[in-house]
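**Q** I'd like to go over a predicted model; first the sequence, then the structure.
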Amino acid sequence: MNLTRRTKLVSATALVVAAAGVAVAVAASPATDFDPVPSANTKSQGFAPASKLSAGLAQIAVAQGSTKVENPSAAVSYYGYDNDTLNAAGEPIMVASTATGNTEAHKTEPDKNVFLVFSKGLKGADPGYDYGTNFLFQGHEAGSPGYITRINLDADAAHRVTVLATQDASSTPIADIDGITWDPFAQRLLLTTENQNAPTYSATADYPSQVVDVSGALGRGGYEGIQNDEDGNVWIVEDIGGDNKPAGCSGAACTRARIPNSFVYRYVPKSPGDLENGKLQVLQVLNASNQPITQASQTPLSSPDQVALHTYGSVFNTKWITVHDTAVDGNAPFNANLAAKAANGTPFKRPENGQFRPDGKFAEFYFDETGDTNATSPENACCGGWDSIFKLTQADPSANTGKLTIFFKGDQAHAGFDNVAFLTRDLITFVEDAGDTLHTQRNALDSGFVFDVTKNYSNPANTPVRWLAEGRDASATIDADATPVGFGKNDGDNEITGMHVSDGDATANGILGRKEPHPFDPNSKWRVFYTQQHGDNTTWEVVRP
């Protein structure tokens with residue numbers, strides 16, 4: 001969809017967007033100037049507030065859970081629902097009621113997004129249809145089977161969403177998907193499953209997609225975030241929640257603090273694009289005594305290593321440790337989390353996603369730590385319980401050593417960070433997935449914030465700017481507030497996921513980190529997407545009318 005068509009689309013839908021409760025301002029401000037949204041939306045019984053965006057921004061739904069796919073099957077007919085609970089007409093029950101026995105179909109939770117532009121276009125289920133050139137890809141995090149979808153951004157309603165695959169090349173059902181990226185060297189999508197017992201996949205972008213298990217080289221872990229660098233390395237950020245501290249606790253003695261249990265990895269292929277031959281490495285952080293910070297050293301409540309990691313101004317040496325080499329260890333799938341622990345890698349409290357600063361150097365990698373997502377955690381203030389943002393600095397993306405510092409320490413108002421995207425060279429957005437428990441404790445739903453990486457956030461005068469106060473749609477409100485039989489299989493409050501800023505360049509020059517983004521600039525091709533997961537499972541494009 002070119003800019004002219006997109007401008008017309010915004011104009012045509014402005015009234016619809018405004019009617020949905022989204023704040024729309026007609027006065028444009030510079031792309032880097034985000035007027036702060038004063039507060040998050042509150043959470044209360046039966047209350048479904050509309051999302052609030054910075055002045056001058058609006059959002060347009062590009063797909064939602066109830067969007068029918070162009071190639072329905074017995075298992076999947078709609079973008080965000082399984083066909084496991086059908087009504088008399090054979091359609092999935094999307095709104096539970098007493099007439100349906102308070103049951104509803106399983107929501108599949110479309111997750112992270114990847115925007116790509118292909119000049120020659122891609123095929124779909126209809127061989128006679130022109131699908132255009134602009135496409136948004138995502139995996140689905142819940143339900144059975146797992147599957148991969150492609151939103152055809154230039155297509156009409158009947159061809160809007162294509163199910164690319166529900167099985168891999170061996171006809172095995174795909175596991176539920178979480179993370180996704182595009183490897184321009186391999187010309188494949190890479191997809192993670194956030195499950196250390198499930199495959200890591202590569203998949204072609206065309207229809208039907210050829211999906212291959214690549215966990216004999218990249219491993220299997222609680223992988224979520226996944227990203228390339230200019231050397232062809234693949235950076236993977238893991239999210240596996242740890243056990244409660246202290247070890248062996250029970251009842252009132254068991255705190256809400258969790259043992260760090262997830263790692264940051266780097267896959268170094270034998271040559272760029274080789275997803276079968278290479279080394280998987282884990283990040284190891286060294287303490288002031290030049291000893292590895294390990295899970296054992298962070299297990300005691302508020303341990304010195306964990307406190308130091310979360311202290312502004314502390315600088316730690318890092319190095320990469322190889323935990324699997326296909327040339328030595330072969331190509332059988334392996335558990336990366338166990339291998340990382342055995343190699344004394346440094347775990348964090350659920351470090352879900354990361355990105356390189358887009359200055360073309362690939363020397364600064366920012367990643368978040370979601371934390372304990374509970375206001376009662378005794379490690380909130382000291383040790384990453386609320387959340388954290390770390391900056392890893394290296395001479396280049398393939399360097400074996402580097403420096404780690406904490407960029408931002410979370411608090412109750414900025415907690416549970418998950419997805420991340422750079423908006424400019426210096427501005428980065430992190431969005432929350434605080435969860436129903438913390439939403440209730442702080443009486444606040446999730447928000448998206450903009451940070452300036454040139455600022456020092458140890459200075460209380462520097463605070464992130466809220467650009468999105470996410471609302472809660474009626475479907476999510478029902479899931480979160482009601483507990484009759486049948487509701488338990490769906491998640492509760494909406495969360496912000498799939499935050500993605502890209503110009504769609506499918507070449508190596510389009511790797512995130514290579515070029516400075518220019519979103520909301522009418523003269524650029526950069527576009528902004530996110531998914532309001534759970535509830536109606538709407539995927540939005542954020543625009544400046």
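**A** Cool, got the structure. Numbering: from 1, shown residues only.

**Q** make it CA atoms for all contacts and neighbour counts henceforth
**A** Fine.

**Q** give the residue spans of the stretch 151-300 of the chain that score low on pLDDT.
**A** 247-253 (pLDDT under 70).

**Q** can you list the residue ranges for helices in it?
**A** Along the stretch 151-300 of the chain, counting by DSSP state H, counting those that start in this stretch, helices occupy 295-298.

**Q** please apply the same query to the chain.
**A** Assigned by DSSP state H, the chain shows helices spanning 3-19, 295-298, 304-309, 326-329, 336-342, 435-442, 474-481.

**Q** mind listing what Val542 touches?
**A** Residues near Val542 by CA atoms under 8 Å, 6 or more residues apart in numbering: 57-60, 527-530.

**Q** one more time with 7 Å
**A** Contact partners of Val542, counting by CA atoms under 7 Å, 6 or more residues apart in numbering, are 57-60, 528-529.

**Q** what's the most distant pair in those residues?
**A** The largest separation in the contacts of Val542, counting by CA to CA, is between Leu57 and Phe529 at 12.5 Å.

**Q** any idea how far Phe529 is from Leu468?
**A** Per CA to CA, to the nearest Å, Leu468 is found 13 Å from Phe529.

**Q** same deal with Val211?
**A** 24 Å.

**Q** nearest spatial neighbour of Thr322, skipping sequence neighbours?
**A** Gln281 (4.1 Å; CA to CA, 6 or more residues apart in numbering).

**Q** verify the stated contact: the one you found with Tyr267.
**A** Yes. Using CA atoms under 7 Å, Gln281 is in contact with Tyr267, at 6.1 Å.

**Q** and the contacts of stretch 183-202?
**A** 175-182, 203-205, 211-215, 219-224, 228, 232, 239, 272-274, 335, 506-508.

**Q** which of these are buried, as a PyMOL select command?
**A** Buried members of the contacts of stretch 183-202, defined by 16 or more other CA atoms under 10 Å, are picked up in PyMOL with:
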select buried, resi 175+176+177+178+179+180+181+182+203+204+205+211+212+213+214+215+219+220+221+222+223+224+228+232+239+272+273+335+506+508
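
**Q** the contacts of stretch 183-202 in strands, which ones?
**A** The strands, defined by DSSP state E, take in 180-182, 203, 211-213, 223-224, 228 from these.

**Q** tell me the one of the residues you listed nearest Ala421?
**A** Closest to Ala421 out of these is Thr181 (12.7 Å), distances taken as CA to CA.

**Q** correct me, but the closest one touches Glu224?
**A** No. Using CA under 7 Å, Thr181 is not in contact with Glu224; the gap is 10.5 Å.

**Q** contacts only, for the residue sitting nearest the centre point of the chain.
**A** In the chain, the centroid-proximal residue (CA atoms, centre = their mean) is Asn419; its distance is 4.1 Å. Applying CA under 7 Å, 6+ apart to Asn419 gives the contacts 353, 430-431, 497-499.

**Q** report pLDDT for it.
**A** According to the prediction, Asn419 has pLDDT 97.

**Q** again, but for Thr100
**A** Predicted confidence (pLDDT) for Thr100: 77.

**Q** ok, Thr13 next?
**A** Thr13 is assigned a pLDDT of 36 by the prediction.

**Q** and for Ser29?
**A** Listed pLDDT for Ser29 reads 37.

**Q** thinking Asp84 is in contact with Ala105, fair?
**A** Yes. Counting by CA under 7 Å, Asp84 touches Ala105, with 5.8 Å between them.

**Q** neighbour count for the two, which is higher?
**A** Each of Asp84 and Ala105 has its neighbours counted (other CA atoms under 10 Å); Ala105 has more, 24 against 17.

**Q** check contacts around that one.
**A** By CA under 7 Å, 6+ apart, Ala105 lies in contact with 81-85, 92-94.

**Q** farthest pair within these?
**A** Distance extremes for the contacts of Ala105: the farthest pair is Asp84 and Met94 at 11.1 Å, using CA to CA.

**Q** rewinding a little: out of Gln281 and Tyr267, which sits in the busier spot?
**A** Gln281 (27 against 24).

**Q** rewinding a little: can you tell me which of the contacts of Ala105 lies nearest to Thr538?
**A** Tyr81 (12.0 Å).

**Q** what bridges to the closest one?
**A** Taking DSSP bridges as the rule, Tyr81 bridges to Tyr78, Lys107.

**Q** doesn't Glu104 make contact with it?
**A** No. The pair Tyr81 / Glu104 is not scored as a contact, 9.5 Å apart, by CA under 7 Å.

**Q** out of those two, which sits in the busier spot?
**A** Using other CA under 10 Å as the criterion, Tyr81 and Glu104 rank with Tyr81 on top: 31 against 25.

**Q** now do that one against His439, distance only.
**A** Taking CA to CA, one finds Tyr81 at 25 Å from His439.

**Q** so Leu445 sits against Phe47, correct?
**A** No. Using CA under 7 Å, Leu445 is not in contact with Phe47, being 11.3 Å away.

**Q** between these two, which has more neighbouring residues?
**A** Using other CA under 10 Å as the criterion, Leu445 and Phe47 rank with Leu445 on top: 28 against 16.

**Q** what sits against the more buried one?
**A** By CA under 7 Å, 6+ apart, the residues touching Leu445 are 40-43, 439, 470.

**Q** most neighbours out of these, which is it?
**A** Counting neighbours by other CA under 10 Å, the top entry in the contacts of Leu445 is Glu470, with 25 neighbours.

**Q** Thr67: how many residues sit nearby?
**A** Using other CA under 10 Å, the number of residues around Thr67 comes to 18.

**Q** just confirm Ile389 contacts Asp411, I think it does.
**A** No. Ile389 lies out of contact with Asp411 (CA under 7 Å); the separation is 11.8 Å.

**Q** these two: which is more packed in?
**A** The residue with more neighbours, out of Ile389 and Asp411, is Ile389; 21 against 16, by other CA under 10 Å.

**Q** mind listing what that one touches?
**A** 366-369, 406-409.

**Q** now, which of the residues you listed lie within strands?
**A** The strands, defined by DSSP E, take in 366-369, 406-409 from the contacts of Ile389.

**Q** and of the residues you listed, the nearest to Arg256?
**A** Proximity of the ones in strands among the contacts of Ile389 to Arg256 (CA to CA) peaks at Glu369, which lies at 15.9 Å.
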